[in-house]
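Undergrad: Predicted model and sequence below, questions to follow.
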Amino acid sequence: MVWGLFPVDPLSGEDKYYIFSKGTYKIGRKGCDIIINKDKGVSRIHAELTFDATPLSTSRRNKSPDTSFVIRVKDCSKYGTFIKTDPGTKDKVHELPNKERILSDGDVITFGTGAATYRLSLIPLVFYFCPSSETFKVDRSVQDAVSSIGARIAPTLSEECTHVLVEPRMQVNEALLNAVLAQKPIILTNWVKVQTISDGGRSFGGCNGTKRP
């Protein structure tokens, strides 16, 4: 399981984001980690989303996103950031102490005047490993790297797959073409391995491909 930040309106054209590790992610129209273009009321740097590791985390391999992070949103904007929880309460973050609020699974976040709304959710992260040949087998180090960020590898390409994993310099074949046609974000095995050795590094993936810090 990993944290996801998804547009409430799936037809909005905005990216989905997957967040794997602690750090502060800037949200805004330009030059930010998370880019929002739909609402004209979104500032250039509109808000900050911070994932802080808790004292319960003793090793990266044993981390679970629901226990290893305290998640806070801070408003940095002119038109505001708003949080709606499952019970239906709505908070104006810019009116809270320090313009901050702790978030939980299922909270709905609106940036600006109301057109850009996202849901923060714990989700399964499923990688389809695109084979380079019929006899290809997934390397053990890749399996361990995938497990360490709270994901798993699926044996076949299906709707449950969130990403497609490929080796660097892989030749285009039928399996890769099918993955492209399925419009799944494609990431390299090298990127996954980097996440297992980075010390508190930041990482997240957008729906149009994995982004790197």
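TA: Everything's here; your move. Residues are numbered from 1 along each chain as shown.

Undergrad: show me where the protein has helices.
TA: 65-68, 140-148, 174-181, 189-197 (DSSP state H).

Undergrad: Would you mark the buried spots in stretch 2-20?
TA: Within stretch 2-20, the residues that qualify as buried are 2-7, 12, 14-20, counting by 16 or more other CB atoms under 10 Å. Backbone N, C-alpha and C define where each C-beta goes, glycine included.

Undergrad: For it, C-alpha coordinates in CSV please.
TA: The C-alpha trace of stretch 2-20 is given here as CSV (Å, rounded to 0.1, in the frame of the first residue of the first chain):
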residue,chain,number,x,y,z
VAL,A,2,1.2,3.5,-0.8
TRP,A,3,-0.4,7.0,-0.6
GLY,A,4,-2.1,8.4,-3.6
LEU,A,5,-3.4,11.9,-4.4
PHE,A,6,-6.1,11.5,-7.1
PRO,A,7,-8.4,14.0,-8.9
VAL,A,8,-12.0,13.6,-7.7
ASP,A,9,-13.1,14.3,-11.3
PRO,A,10,-11.3,11.6,-13.4
LEU,A,11,-12.0,13.6,-16.6
SER,A,12,-10.2,16.8,-15.3
GLY,A,13,-7.0,16.1,-17.1
GLU,A,14,-5.0,16.5,-13.9
ASP,A,15,-2.3,13.9,-13.0
LYS,A,16,-2.6,11.2,-10.3
TYR,A,17,0.3,11.1,-7.9
TYR,A,18,1.8,8.2,-5.9
ILE,A,19,3.9,9.2,-2.8
PHE,A,20,6.4,6.6,-1.6
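
Undergrad: Run a quick neighbour tally on residue 165.
TA: Neighbourhood size, residue 165 [other CB atoms under 10 Å]: 25.

Undergrad: my bad, residue 139
TA: Count around residue 139 with other CB under 10 Å applied: 13.

Undergrad: Then the one 10 residues further on?
TA: By other CB under 10 Å, 20 other residues sit near residue 149.

Undergrad: same deal with the one 10 residues further on?
TA: Here the number of neighbours of residue 159 (other CB under 10 Å) works out to 8.

Undergrad: quick one: it and residue 172, what's the gap?
TA: 23 Å (CB to CB, to the nearest Å).

Undergrad: now residue 111
TA: Distance from residue 111 to residue 172, by CB to CB: 38 Å.

Undergrad: quick one: which of the two has more around it?
TA: Neighbour tally, residue 111 and residue 172, criterion other CB under 10 Å: the higher count belongs to residue 111, 29 against 8.

Undergrad: what's the pLDDT at the more buried one?
TA: Predicted confidence (pLDDT) at residue 111: the value is 95.

Undergrad: rewinding a little: which stretch in the helices of the chain has the least confidence?
TA: helix 65-68 (a mean of 50).

Undergrad: quick one: residue 81 and residue 110 touch, right?
TA: Yes: with contacts counted by CB atoms under 8 Å, residue 81 reaches residue 110, the gap being 7.1 Å.
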